[in-house]
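[1] Need coordinates for the following:
(chains A and B)
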2 protein chains.
Amino acid sequence: MSDVTSTADAPRSPGRPRSVRADEAIVQATLDLLAEGNSIEALSIEAIAARAGVGKATIYRRWSGKDALLLDALRTLKGTPPEPAGHSVRDDLVLLVGAVGHNVDPRAAKIMPCLVPEVNRSPDHYQLYQTIIEPRRRLMRDVLRRGVASGELRADLDIDLAMALLSGPMVLQRVLRWHPELDDRILPERIVDGVLEGLRAR
Amino acid sequence: MSDVTSTADAPRSPGRPRSVRADEAIVQATLDLLAEGNSIEALSIEAIAARAGVGKATIYRRWSGKDALLLDALRTLKGTPPEPAGHSVRDDLVLLVGAVGHNVDPRAAKIMPCLVPEVNRSPDHYQLYQTIIEPRRRLMRDVLRRGVASGELRADLDIDLAMALLSGPMVLQRVLRWHPELDDRILPERIVDGVLEGLRAR
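    Got it, this is the predicted structure:
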């Protein structure tokens, strides 16, 4: 799927080529159908083409199949990943934790949770999900490695575990609204400081 | 809904009364319909009665309405909460973190994620969800308070934040299978030790 690039960055001028407009309509149709409760399995190229007002051939000219199109569509929900400034490990982590579970497209709130059972059932879709989240995980991994190298973080840090400790509370609160008392706005900062300092008395 | 008690503890002897068998059939029918992809909104007492092979009146004799029945049905997915031994705060937290996202009924994996968008849309259903998770949160809150009182945990600990720090990584990994490299079996222990000790070098 390396030839599949996101359409989200396409310029929104009225003069852009018809093919770009068609691509956008196809991605939007895919997201609309998912947001209306259609499962990945139920989703068909036929239904997407009909909703976008294009022929199936137009879809296949741009994407190799349903999974490649899905990858592109789901990526547009999240938007562009943040760019850590590279000065303070703590501040970079606050930035990245603040982006966990954040989506630029409101349809994500309807689409993403329901994909979980499907993704867990199908190795192909699990791979697709990993492809979407891995670039964001890599950003956090790089910041944590920098912290270990600089001596700010423990030398024996398990990077994968540390990423779960930082990301998990944000998903719990932002996606599941687990606890009504926690204030989402200052939460990234509080999660990072809490996990960095630990709960144990010293 | 305080008059609604779980049917999960009903004795499973062949001699139990017909009303208990009917209650169980109704709860199972509710869970089957949810697991088949019916939303809470789409679920009707009519459909549940038809699936359970009982009349609507039988349902209304036991439950005040759909939400009371749902509460009971969703509670049976999770099973009985664990009982902390009360000796070591660390060990009790490992026990409770190990129960986060754990369900005794495999239908939970299909039902729970898809409920998220509905729960977030409806204040009534959000309240229902809070009613289900609050008893488990209370167990963890009590252990954390004990740790603060005994001096094992920081005196300035934010209990609500600490619960999110401990529970979030487990949900992320157990429900979302966020990171394929983390070993679920030893994860509760590693999460608790990671959050207690913190990531910062000392």
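
[2] CA only for contacts and neighbour counts going forward, please
    Fine.

[3] Let me know how buried the closest residue to chain B within chain A is, in neighbour terms.
    As assessed by Cα to the nearest Cα, chain B sits closest to A:G198 within chain A, at 3.6 Å. Look at A:G198: counted by other Cα atoms under 10 Å in any protein chain shown, it has 24 neighbours.

[4] Need the contact partners of stretch A:132-150.
    Contact partners of stretch A:132-150, identified using Cα atoms under 8 Å, 6 or more residues apart in numbering or on different chains, comprise A:71, A:74-75, A:81, A:84, A:86, A:89, A:92-93, A:96, A:153-155, A:157, A:159-160, A:163.

[5] go again using 6 Å as the cut-off
    A:V89, A:L153, A:A155 (Cα atoms under 6 Å, 6 or more residues apart in numbering or on different chains).

[6] So which of these is the closest to A:S64?
    A:V89 (40.1 Å; Cα to Cα).

[7] circling back: which ones are touching the residue of chain A closest to chain B?
    A:G198 sits in contact with B:V195, B:L196, B:E197, B:G198, where contact means Cα under 6 Å, 6+ apart.

[8] Distance of the second one relative to A:R21?
    Between B:L196 and A:R21 the distance, using Cα to Cα, to the nearest Å, works out to 52 Å.

[9] same deal with A:V119?
    When distance is defined by Cα to Cα, A:V119 is 30 Å away from A:R21.

[10] Tell me which of those two has more neighbours.
    In this view A:V119 and A:R21 are compared by other Cα under 10 Å, and A:V119 has more residues nearby, 19 against 15.

[11] Which helix or which strand is home to that one?
    Here A:V119 sits within helix A:108-121, counting by DSSP states H and E.

[12] Skip the chain neighbours and tell me the closest residue to the residue most central in space within chain A.
    Centre of chain A computed as the mean C-alpha position; nearest residue by Cα atoms, centre = their mean is A:K78, 4.6 Å away. Once flanking residues are discounted, A:K78 sits nearest to A:N103: 4.3 Å by Cα to Cα, 6 or more residues apart in numbering or on different chains.

[13] Model confidence at the one you found, what's the number?
    Turning to A:N103, the model gives it a pLDDT of 87.

[14] next one: A:R200
    For A:R200, the pLDDT comes out at 95.

[15] Surely A:E189 touches A:L93?
    No. A:E189 is beyond contact range of A:L93, at 8.5 Å (criterion: Cα atoms under 6 Å).

[16] Can you pick out the residue with more neighbours from these two?
    Ranked by neighbour count (other Cα under 10 Å), A:E189 and A:L93 place A:L93 first, with 25 against 17.

[17] can you give me the mean pLDDT across stretch A:40-60?
    95.

[18] follow-up on the earlier one: between helix B:108-121 and the helix holding A:V119, find me the angle.
    On the basis of axes from the mean of the first three to the mean of the last three Cα atoms, to 10 degrees, helix A:108-121 is oriented at 180 degrees to helix B:108-121.

[19] Is helix A:108-121 in proximity to chain B?
    Yes. Residues of helix A:108-121 contacting chain B under Cα under 6 Å from any Cα of the partner chain: A:K110, A:P113, A:C114, A:P117.

[20] Among those residues, which one lies nearest to A:D124?
    For the residues of helix A:108-121 next to chain B, the nearest to A:D124 is A:P117 (13.0 Å; Cα to Cα).
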